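In: here is my input; please provide its structure:
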Amino acid sequence: MKKGTLLFIGGLIMYMAGIYLSTIWTVAGSAIGVLGGMMMGASTYFYVMNNKRQS
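Out: Model (predicted):
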C-alpha cells in the first residue's frame, strides 16, 4: 500500500477514535483527534509528490 493512502486511513481512524474518546476522556480524545487530523493532512504531501512523479 502506498504511503499517502496508509497515512490517510490511519489518520482517519485516529481522528474518528479521538472524536469518540473525547466524549469520555476529553484531553486524551482531543490529542488523538488532533494527531489523526495532522496525519490526514500530511498524507496530502505524498499524494502531491506521487502526482508530480507520474506527470
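
In: and residue 34, what does it touch?
Out: residue 18 (Cβ atoms under 8 Å, 6 or more residues apart in numbering). All C-beta atoms are positioned from the backbone trio N, CA, C, and that covers glycine.

In: distance check, it against residue 47.
Out: 21 Å (Cβ to Cβ, to the nearest Å).

In: before we move on, what about residue 30?
Out: For residue 30, the distance to residue 47 (Cβ to Cβ) stands at 26 Å.

In: again, but for residue 37
Out: Residue 37 is 16 Å from residue 47, by Cβ to Cβ.

In: pLDDT score for the residue positioned nearest the centre of the chain?
Out: What sits nearest the mean C-alpha location of the chain, by Cα atoms, centre = their mean, is residue 11, with 2.1 Å. With respect to pLDDT, residue 11 has a value of 90.

In: packing partners for the helix or strand where it lies?
Out: Using DSSP states H and E, the element containing residue 11 is helix 3-21. Counting contacts by 3 or more Cβ pairs under 8 Å, 6 or more residues apart in numbering; DSSP states H and E, helix 3-21 is packed against helix 26-54.

In: can you list the buried residues in the worst-scoring helix or strand of the chain on mean pLDDT?
Out: When each helix and strand of the chain is scored by mean pLDDT, DSSP states H and E, helix 26-54 comes last, with a mean of 86. Of the residues in helix 26-54, 29, 32-33, 36, 39-40, 43, 46 count as buried by neighbour count, 16 or more other Cβ atoms under 10 Å.

In: I'd like to know which of those is nearest to residue 20.
Out: Set against residue 20, the nearest of the buried residues of helix 26-54 by Cβ to Cβ is residue 29 (7.1 Å).

In: ok, the closest one - contacts?
Out: 17-23.

In: buried ones among the residues you listed?
Out: The neighbour-count criterion (16+ other Cβ under 10 Å) marks 18, 21-22 among those as buried.

In: next, residue 23: secondary structure please.
Out: At residue 23 the chain is in coil, as set by DSSP: H, G, I helix; E, B strand; the rest coil.
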